[in-house]
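Peer 1: Sharing a model prediction with you, sequence too.
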Amino acid sequence: MDINFNKNEDHNKLLVSELRQRLAKVHVGGGQKRIEKLHSKGKMTARERIDFLLDDKKPSIEIGAFAADEMYEEHGGCPSAGVVVKIGYVEGKQCIVVANDATVKAGAWFPMTAKKNLRAQEISIENRLPIIYLVDSAGVYLPMQDEIFPDKEHFGRIFRNNAVMSSMGITQIAAVMGSCVAGGAYLPIMSDEALIVDKTGSIFLAGSYLVKAAIGESIDNETLGGATTHCEISGVTDYKSKDDKDALTTIKSIVSKIGDYTPTGFNRVKALKPKENPDEIFGILPKARHEQYDMKEIIKRLVDNSEFDEYKEGYGQSIITAYARIDGWAVGIVANQRKLVKNKKGEMQFGGVIYSDSADKATRFIANCNQKKIPLVFLQDVTGFMVGSKSEHGGIIKDGAKMVNAVSNSVVPKFTVVIGNSYGAGNYAMCGKAYDPRLIFAWPSAELAVMSGNSAAKVLLQIETASLKKQGEEITKEKEEKLYDEIKSRYDKQISPYYAAARLWTDAIINPLDTRTWISMGIEAANQAPIEKPFNLGVIQV
């Protein structure tokens, strides 16, 4: 191994170490004191509940751990958006679990809480995954009610989805393990089956204080909407549990009896580990995002037996298209090649840039994968489409549009891994969040933005200096350098993978070594949902 490999390895392993540290911080939720307070009431934390529910020896993946990261600081913060979402296995059956974190503002809903819950329901709908809600929430966070209550993608959409999912035959189970108030009270009751924990769980449209204020009735919360009331008088809930563990054990029993799904039929054989050492990813991936590397070496460390069959290997080489297997599942890989390559005329092409020939190749490959019912995996490290008169005259917009068309209309499940750069229209063509990947996740080395920090800072600097000059201000070289540094610093924060993950532009930031698990579990989930329409590109310019 050369010195650059070692430098890259040190850098990327430090990024993974930072990831672990940041995850450890959000996993504490509202802090140790609030966890202890919860325990003193005989309650488990959201993460403890999920860990108890999921099968021990099976893998699980967490969606949106960094949701709301460094957001809402003026309100005291909202780690993981106050809700924990995991895909895992309950009694051997793959499920998605949504658990309110009562250590964070009593589980109150912030705007990102709603967005994260809707993402969980979207995953359930797309993959027909059973969904389990572990409810412990004070309801809408009132100081921000205008950002969470009235719009289409706000709080009310959750209950609309409950109804739609029920009509689709998607199993929904809810356990009320703490507060469940106001509009939130509809969620468990719109589920197929509802449980409530005695003495700690409560369900009501209005609590005792509001009832007193509204109609003058004096009543305590337990009598108003506790477990005995709803299991023996109102009939709102179906099961009364003595404590959290009892409720979770009942859920396990219910899930164990759900009938099997009819597989969609994605091809899978016995899984093989990569021949090439996956740990070497850390040394291959360069420290500087503008440096070149061979994406094929990354692919070898992700796919079974390090084997893949490359489609149109000698044509459109700035995109790699290949058939392979990941954990036994057949996949079609569309990846940005990050080293200098030659085009059909023998001219050199920049790595990470999409040219007309590579866009054309990718379009055809995506169509082939849809024809063969093969899930698609996009490995993003892209700076965008090639610009300039030569590309424009060659029809880069048309060829790029064809690729975007194919990605948009693809009916097989798509999975996107943001390895490095994810800039501009390159993000779109390589199946960014707007193009409905079943899962989209990033490595700590990722950057998502309209353009790189350097390029954006230069453009913004020109605008800023022009404005200041119009105001009569003299711009010295020192002043210009200071402005540039300020602009770049601000922009660099926005292109961080953590900034993207906080806003759920990606589902997670993961250790690169967990990539195979994410893709495998994603395809297994997708295998439960039928492909409901044929692949059709619609109108496309040849």
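Peer 2: Noted; the coordinates are in hand.
Peer 1: is it fair to say residue 369 lies in a strand?
Peer 2: No - looking at residue 369 with DSSP: H, G, I helix; E, B strand; the rest coil, it is helix, so not inside a strand.
Peer 1: so who does it touch?
Peer 2: 332, 375-376, 410, 412 (Cβ atoms under 8 Å, 6 or more residues apart in numbering). No exception for glycine: its C-beta is placed from N, CA and C like everyone else's.
Peer 1: Please repeat the previous calculation with a cut-off of 7 Å.
Peer 2: Shown in contact with residue 369 (Cβ atoms under 7 Å, 6 or more residues apart in numbering): 332, 376, 412.
Peer 1: which residues of the stretch 151-300 of the chain score low on pLDDT?
Peer 2: 183-184 (pLDDT under 70).
Peer 1: Show me the helices in it, by range?
Peer 2: 156-167, 186-189, 208-215, 221-225, 227-228, 244-256, 281-284, 295-300 (DSSP state H, counting those that start in this stretch).
Peer 1: Tabulate those (JSON lines), appending distance to residue 510.
Peer 2: What follows is the helices of the stretch 151-300 of the chain, written out as JSON lines (distance: least, Cβ to Cβ, whole Å):
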{"stretch": "helix 156-167", "distance to residue 510": "26"}
{"stretch": "helix 186-189", "distance to residue 510": "29"}
{"stretch": "helix 208-215", "distance to residue 510": "43"}
{"stretch": "helix 221-225", "distance to residue 510": "40"}
{"stretch": "helix 227-228", "distance to residue 510": "39"}
{"stretch": "helix 244-256", "distance to residue 510": "26"}
{"stretch": "helix 281-284", "distance to residue 510": "12"}
{"stretch": "helix 295-300", "distance to residue 510": "14"}
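Peer 1: Is it possible to get TSV of those that adds mean neighbour count and distance to residue 141?
Peer 2: TSV is the format used below for the helices of the stretch 151-300 of the chain (neighbours: other Cβ atoms under 10 Å; distance: least, Cβ to Cβ, whole Å):
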stretch	mean neighbour count	distance to residue 141
helix 156-167	16	15
helix 186-189	21	16
helix 208-215	12	17
helix 221-225	17	20
helix 227-228	18	26
helix 244-256	18	24
helix 281-284	22	40
helix 295-300	21	42
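Peer 1: Between the ones you listed, which one is closest to residue 503.
Peer 2: helix 156-167 (17.6 Å; Cβ to Cβ).
Peer 1: Report the backbone C-alpha coordinates of that closest one in CSV.
Peer 2: Included here for helix 156-167 are C-alpha records, laid out as CSV according to Å, rounded to 0.1, in the frame of the first residue of the first chain:
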residue,chain,number,x,y,z
GLY,A,156,-52.8,15.3,9.6
ARG,A,157,-51.2,13.3,6.8
ILE,A,158,-50.2,10.6,9.3
PHE,A,159,-53.9,9.7,9.9
ARG,A,160,-54.7,9.9,6.2
ASN,A,161,-51.9,7.4,5.6
ASN,A,162,-53.2,5.2,8.4
ALA,A,163,-56.5,4.9,6.5
VAL,A,164,-54.9,4.3,3.1
MET,A,165,-52.5,1.7,4.5
SER,A,166,-55.4,-0.1,6.1
SER,A,167,-57.2,-0.2,2.7
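Peer 1: Strands - which of the contacts of residue 369 land there?
Peer 2: Counting by DSSP state E, the members of the contacts of residue 369 that fall within strands are 332, 376.
Peer 1: Out of the contacts of residue 369, the closest to residue 440 would be?
Peer 2: Distances from residue 440 to the contacts of residue 369, taken by Cβ to Cβ, are shortest for residue 376, at 12.3 Å.
Peer 1: Between the helices of the stretch 151-300 of the chain, which one is closest to residue 101.
Peer 2: helix 244-256 (13.9 Å).
Peer 1: if you average pLDDT over stretch 442-449, what comes out?
Peer 2: Stretch 442-449 comes out with an average pLDDT of 94.
Peer 1: before we move on, what about stretch 305-320?
Peer 2: Rounded mean pLDDT across stretch 305-320 is 95.
Peer 1: Tell me which residues of that stretch come out buried.
Peer 2: 306, 308, 311-312, 316-320 (16 or more other Cβ atoms under 10 Å).
Peer 1: Among the residues you listed, which lie within strands?
Peer 2: Counting by DSSP E, those contribute 308, 319-320 to strands.
Peer 1: neighbours around residue 334, how many?
Peer 2: By other Cβ atoms under 10 Å, the residues close to residue 334 number 29.
Peer 1: just residue 80 next, same as before
Peer 2: Counted with other Cβ under 10 Å, residue 80 comes out at 26.
Peer 1: Please name the nearest non-neighbouring residue to residue 350.
Peer 2: residue 340 (6.7 Å; Cβ to Cβ, 6 or more residues apart in numbering).
Peer 1: list the contacts for that neighbour?
Peer 2: 292, 348-351.
Peer 1: and if you look at residue 78?
Peer 2: Residue 78 touches 68, 71-72, 104-105, 110, 112, counting by Cβ under 7 Å, 6+ apart.
Peer 1: Is it correct that residue 268 is in contact with residue 326?
Peer 2: No - counting by Cβ atoms under 7 Å, residue 268 stays clear of residue 326, with 10.0 Å between them.
Peer 1: Which of the helices of the stretch 151-300 of the chain sits closest to residue 355?
Peer 2: Going by Cβ to Cβ, the one of the helices of the stretch 151-300 of the chain nearest residue 355 is helix 295-300, 15.2 Å.
Peer 1: what about residue 133, how many neighbours?
Peer 2: Counted with other Cβ under 10 Å, residue 133 comes out at 28.
Peer 1: Double-check residue 99 against residue 50; I have them as touching.
Peer 2: Yes - counting by Cβ under 7 Å, residue 99 does reach residue 50; the two are 5.4 Å apart.
Peer 1: Neighbour count for the two, which is higher?
Peer 2: Neighbours were counted for residue 99 and for residue 50 using other Cβ under 10 Å; residue 99 has more, 26 against 22.
Peer 1: Correct me if wrong, but the more buried one is in a helix.
Peer 2: No - per three-state DSSP, residue 99 lies outside any helix segment and is strand.
Peer 1: So for it, what's the pLDDT?
Peer 2: 97.
Peer 1: list the contacts for it?
Peer 2: With Cβ under 7 Å, 6+ apart, residue 99 has these contacts: 46, 49-50, 83-84, 134.
Peer 1: Please measure how far the first residue of stretch 196-203 sits from its last one.
Peer 2: 9 Å (Cα to Cα, to the nearest Å).
Peer 1: Report the buried residues of it.
Peer 2: 196-198, 200-203.
Peer 1: nearest to residue 60, of those?
Peer 2: Using Cβ to Cβ, the buried residues of stretch 196-203 come closest to residue 60 at residue 197, 23.2 Å.
Peer 1: what helix or strand is the most far-flung residue of the chain relative to its centre on?
Peer 2: Using Cα atoms, centre = their mean, the residue of the chain lying farthest from its centre is residue 472. It sits 47.4 Å away. Using DSSP states H and E, residue 472 falls within no helix or strand.
Peer 1: what's the spacing between it and residue 514?
Peer 2: Separation of residue 472 from residue 514 (Cβ to Cβ, to the nearest Å): 56 Å.
Peer 1: how close does the spatially closest residue to residue 502 that is not a sequence neighbour get to residue 84?
Peer 2: Spatially, and ignoring its direct neighbours in sequence, residue 502 is nearest to residue 69 (3.9 Å; Cβ to Cβ, 6+ apart). Residue 69 is 14 Å from residue 84, where distance means Cβ to Cβ.
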